[in-house]
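*Asks:* Next comes the sequence, and after it the predicted model I'd like to discuss.
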Amino acid sequence: DSGVTQTPKHLITATGQRVTLRCSPRSGDLSVYWYQQSLDQGLQFLIQYYNGEERAKGNILERFSAQQFPDLHSELNLSSLELGDSALYFCASSTRDSTDTQYFGPGTRLTVL
Amino acid sequence: GQNIDQPTEMTATEGAIVQINCTYQTSGFNGLFWYQQHAGEAPTFLSYNVLDGLEEKGRFSSFLSRSKGYSYLLLKELQMKDSASYLCAVRGRTGGFKTIFGAGTRLFVKA
């Protein structure tokens, strides 16, 4: 158990819908990262937040948005869903030491029908 | 920019030793990570190298050569449960510090 929690574990929805994925980082970690992993693909970095502020942006679609709240939990919002958005979505939080090691949550499996 | 190369797939035999290589290009190198990921599960942290040399952790060891932009993960006494993808990730400086992940090496351990 990495200490990072994500809800829900599974989500099934229809094209055109909007969903929200939630992540709580490990106690004491200030950074949260979001990744998308499609079937048999590598991890695609979406976005990073640090202590409530956006720190870095990757290949995140305009239909996707995220935020980090004062209690440091983060939400990833996916809208106008398409079949191709079906994937595993991982959240990670990183240590405050110089290594910045990322620890991953169990992921949310999103299926868009 | 940053770039990571690692083999797509490898096969090894139970009880054997396997070495998974990773070459990278980055500016402002600030650390290299190895993760293990079983299918459908989250990546789990295995090792971190920031200085040249070998770091040993039980059956797993990781080596780094910064001058060559090269690392390897060595798995000894392979077990069937070691069948997984192994991700090499590099932290470098492009704008701010960023960690990028390689596509992973899928390891199959056969009896």
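*Replies:* That came through, no problem.
*Asks:* Please count neighbours and contacts with C-alpha atoms only from this point.
*Replies:* Noted.
*Asks:* Can you name the residue of chain B nearest chain A?
*Replies:* For chain B and chain A, the shortest gap (C-alpha to the nearest C-alpha) falls at residue B:103, measuring 4.6 Å.
*Asks:* Backbone dihedrals for the closest residue to that residue other than its chain neighbours, please?
*Replies:* Excluding the flanking residues, the one nearest residue B:103 by C-alpha to C-alpha, 6 or more residues apart in numbering or on different chains is residue A:42, at 4.6 Å. Per-residue torsions, residue A:42: phi -80, psi 170 (degrees, to the nearest 10).
*Asks:* Parallel or antiparallel, which strands does the lowest-mean-pLDDT helix or strand in chain B pair with?
*Replies:* Lowest on mean pLDDT, DSSP states H and E among the helices and strands of chain B sits strand B:96-101, with a mean of 85. Sheet pairing of strand B:96-101 (DSSP bridges) gives strand B:84-94 (antiparallel).
*Asks:* For the partner strand, C-alpha coordinates in CSV please.
*Replies:* Extracted C-alpha coordinates of strand B:84-94, given in CSV (Å, rounded to 0.1, in the frame of the first residue of the first chain):
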residue,chain,number,x,y,z
ALA,B,84,5.8,-7.6,-15.1
SER,B,85,6.7,-4.4,-16.8
TYR,B,86,9.8,-2.5,-15.6
LEU,B,87,9.7,1.2,-16.1
CYS,B,88,12.8,3.4,-16.2
ALA,B,89,12.2,7.0,-15.3
VAL,B,90,14.5,10.0,-15.3
ARG,B,91,14.3,13.3,-13.5
GLY,B,92,15.9,16.1,-15.4
ARG,B,93,15.6,19.8,-15.9
THR,B,94,13.6,21.1,-18.8
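*Asks:* where exactly do the strands run in chain B?
*Replies:* Secondary structure of chain B by DSSP state E: the strands cover B:3-5, B:9-13, B:18-25, B:32-37, B:44-49, B:53-57, B:60-65, B:70-75, B:84-94, B:96-101, B:105-110.
*Asks:* try chain A
*Replies:* A:5-7, A:10-13, A:19-24, A:31-37, A:44-50, A:53-57, A:64-68, A:74-78, A:87-94, A:102-104, A:108-112.
*Asks:* Which positions in chain A make contact with chain B?
*Replies:* Contact residues, chain A versus chain B (C-alpha under 8 Å from any C-alpha of the partner chain): A:2, A:41-43, A:45, A:88, A:90, A:99, A:101-107.
*Asks:* who wins for neighbours among those?
*Replies:* Using other C-alpha atoms under 10 Å in any protein chain shown as the neighbour test, the residues of chain A next to chain B are led by residue A:107, with 30 neighbours.
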